[in-house]
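S.K.: 3D, please:
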Amino acid sequence: MMRALAKPDKVLDVKSHILDTGQRLIAARGFSAVGLNEILLGAGVPKGSFYHYFASKDVFGSQLLDHYFEKYLSEIDSFLFDTNKSGIERLAAYWRFWRDNQERDDPDGKCLAVKLGAEVSDMSEGMRIALKHGTSAIIGRLARVITDGLADGSILSRRDPEELANTLYQLWLGASVMSKIARDRGPFDAAETATEHLLKSS
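M.R.: Predicted coordinates:
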């Protein structure tokens, strides 16, 4: 039986606490596999607290994704926009961050776009839109870094930065799924090789 976690302190944001708890559970097992009672038990809050903040599990899922992407974007901004490094170095830091998170057996680090993209996009329009907004924000950041890399000479590609950013994001998303299926690191190695080729091919 799952043990309840410590109840949130009075000064803690209860809504964020519920979202953070849900993220850990759902990142490990998926959205459909985690029931509302499990989230409540894990967060140590009554059902009334949940419905005070979320009208339904579907609404919770949409807000969970918004909450996740807000934290994720803040984290990647710290190295994507490090102006002391070239564009290609900043992108390399992002791919290392991506790969480290996917290869660690740690639900807190799991990418919810990878984990939930295929599962929820057909069953929840709200969650699909949240995923689209979040991934579009990531791709937009990658395009800005590619533009910077073209300006500093570290990236040689002649492709449109937005198009290239889309291609690279989709490449790494696919590598993450294939790595799970194959249970090895080969897809990530292939993604790194293909990324280098795309960025350095003039």
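
S.K.: so which residues make contact with stretch 19-29?
M.R.: Here stretch 19-29 makes contact (CB atoms under 8 Å, 6 or more residues apart in numbering) with 5, 34, 38-39, 42-43, 60, 63-64, 67-68, 107-108, 110, 112, 115-116. Every C-beta, even on glycine, is put in place using the N, C-alpha and C of the backbone.

S.K.: how about the residue nearest the centre of the chain, what does it touch?
M.R.: What sits nearest the mean C-alpha location of the chain, by CA atoms, centre = their mean, is Cys111, with 3.6 Å. Each residue near Cys111 by CB under 8 Å, 6+ apart is listed here: Tyr72, Trp98, Asn101, Gln102, Ser176.

S.K.: repeat the analysis, applying 7 Å as the threshold.
M.R.: Cys111 makes contact with Asn101, Gln102, Ser176, according to CB atoms under 7 Å, 6 or more residues apart in numbering.

S.K.: drop anything exposed from the contacts of stretch 19-29.
M.R.: The neighbour count (16 or more other CB atoms under 10 Å) marks 34, 38-39, 42-43, 60, 63-64, 67-68, 110, 112, 115-116 as buried among these.

S.K.: so which of those residues belong to helices?
M.R.: Among the buried ones among the contacts of stretch 19-29, the members found in helices (DSSP state H) are Glu38, Ile39, Gly42, Ala43, Phe60, Gln63, Leu64, His67, Tyr68, Leu112, Lys115, Leu116.

S.K.: right, and the fourth one touches Ile18 too?
M.R.: Which is Ala43. Yes: between Ala43 and Ile18 there is a contact at 4.9 Å, judged by CB atoms under 7 Å.

S.K.: the helix ranked longest in the chain: how far from the chain's middle?
M.R.: In the chain, with assignment by DSSP H, the single longest helix is helix 125-152. Its chain's average C-alpha position is 12 Å from that of helix 125-152, according to CA atoms, centre = their mean, to the nearest Å.

S.K.: give me the neighbour count for Ile26.
M.R.: Counted with other CB atoms under 10 Å, the neighbours of Ile26 add up to 27.

S.K.: where's it, which helix or strand?
M.R.: If you go by DSSP states H and E, Ile26 is part of helix 14-29.

S.K.: how about that helix: buried residues?
M.R.: Within helix 14-29, the residues that count as buried by 16+ other CB under 10 Å are 14-15, 17-27.

S.K.: same thing with stretch 139-154?
M.R.: For stretch 139-154, by 16+ other CB under 10 Å, it's Ile139, Arg141, Leu142, Ala143, Arg144, Val145, Ile146, Thr147, Asp148, Gly149, Leu150, Ser154.

S.K.: neighbours of Gly126, just the number please.
M.R.: For Gly126, using other CB under 10 Å, the count is 17.

S.K.: how close does it sit to Asp189?
M.R.: 36 Å (CB to CB, to the nearest Å).

S.K.: do the same with Gly42
M.R.: Taking CB to CB, one finds Gly42 at 36 Å from Asp189.

S.K.: cool, thanks, talk later.
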